[in-house]
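Enquirer: got a predicted model here, sequence first, then my questions.
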Amino acid sequence: MYILYEVADRIATITLNRPDAANAQNAALLDELDAAWVRAGDDPDVSVIVLRAEGKHFSAGHDMTGGGGPVPDKITLDMIYTTESRRYLEYSMRWRNIPKPSIAAVQGRCIAGGLLLCWPCDLIIASEDAKFSDPVVMMGIGGVEYHGHTWELGPRKAKEILFTGRPVTAEEAEKTGMVNKVVPRDQLDTETRALAEQIAKMPPFGLRQAKRAVNQTLDVQGFYAAIQSVFDVHQTGHGNALSVGGWPVLMKLDEMKQNIK
């Protein structure tokens, strides 16, 4: 319903296909997306995975309203923790560790939960109009569930965007090393495809070993432990919101994100 999938020339292309909601992520979209990642990872005819999005924006983040689905009468921390452990932390970590090179093509806005889709990818190509943001501090939360901020941006830039909520431009992101290349909007797909084709010519086992070497180095430096521990820090924000009746603030922010133009 929300994800398109195709394979050609040893490249699997996974497309977010909810442009009417700026590709906001409800449960069904995330479950379909995870299935597509696993499918690409298991397919021996796929050497490279490309993640892209239809429409003006890459992703407005998590759709807290369920995208038109039912909202529970009572929201508990147990419910939030269980859901986010699976669909946010577990999914993002699985995509990061699939033993094939992956490239995210990002255009327009990439807000909060949108970072959980592009950060697990090995490479990011961004259009000139791309902007990356995590405004969840305004909800009393220290950052999104997959806390890659410090690793992707460095500690000072990470603190700046969290403290202010302002978006990071594609140019800024390239300077920090978070983005590999910035291209004109109309060249995003062709540039991403060209890079994927170049990588797909390499021996699959060599690519797998190269990816493992880099990811393992990050994990030895503390990436895995940090991601796991900061996820629990994230949950204290939800606990605080529930204790002071602040959950409607999350809903209001979600409405704001879905109305971006």
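Expert: Arrived safely.
Enquirer: Leu207 and Gln198: what is the separation?
Expert: 12 Å (CB to CB, to the nearest Å). Any C-beta I mention is one placed from the backbone N, CA and C, and that applies to glycine too.
Enquirer: which of the two has more residues huddled nearby?
Expert: Leu207 (18 against 10; other CB atoms under 10 Å).
Enquirer: right, and the more buried one touches Lys100 too?
Expert: Yes - contact status for Leu207 versus Lys100: in contact at 6.8 Å, counting by CB atoms under 8 Å.
Enquirer: now the common contact residues for those two.
Expert: When contacts are counted by CB atoms under 8 Å, 6 or more residues apart in numbering, Leu207 and Lys100 have Ser47 as shared neighbours.
Enquirer: what sits against Gly177?
Expert: Contacts of Gly177 (CB under 8 Å, 6+ apart): Glu152.
Enquirer: make residue 1 into 41 and carry on from there
Expert: Done: numbering now begins at 41, and the last item shifts to Gly217.
Enquirer: where does the stretch 191-301 of the chain have low pLDDT?
Expert: Along the stretch 191-301 of the chain, the model assigns pLDDT under 70 to residues 284-301.
Enquirer: same thing but at 80, please
Expert: Applying pLDDT under 80 to the stretch 191-301 of the chain flags the ranges 278, 280-301.
Enquirer: where do the helices sit along it?
Expert: 195-204, 210-216, 228-240, 244-260, 263-283, 287-298 (DSSP state H, counting those that start in this stretch).
Enquirer: what sits up against the shortest one?
Expert: Helix 210-216 is contacted by residues 146, 164, 166-172, 192-194, 197, 208, 219-222 when judged by CB under 8 Å, 6+ apart.
Enquirer: now those: which count as buried?
Expert: 146, 164, 166-167, 169-172, 192-193, 197, 208, 219, 222 (16 or more other CB atoms under 10 Å).
Enquirer: would you mind giving those residues as a markdown table with distance to His278 added?
Expert: Shown next, in a markdown table, are the buried ones among the contacts of helix 210-216 (distance: CB to CB, whole Å):
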| residue | distance to His278 |
| --- | --- |
| Val146 | 27 |
| Ile164 | 28 |
| Ala166 | 30 |
| Ser167 | 33 |
| Asp169 | 32 |
| Ala170 | 28 |
| Lys171 | 26 |
| Phe172 | 23 |
| Glu192 | 23 |
| Leu193 | 24 |
| Lys197 | 25 |
| Val208 | 25 |
| Val219 | 30 |
| Val222 | 35 |
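Enquirer: and these, which is closest to Ala266?
Expert: Glu192 (12.2 Å; CB to CB).
Enquirer: show me the contacts for the residue nearest to the closest one when sequence neighbours are not counted.
Expert: With sequence-adjacent residues excluded and distances taken as CB to CB, 6 or more residues apart in numbering, Glu192 is closest to Met218, at 4.4 Å. Contact analysis of Met218 by CB under 8 Å, 6+ apart lists 164, 172, 192-193, 208.
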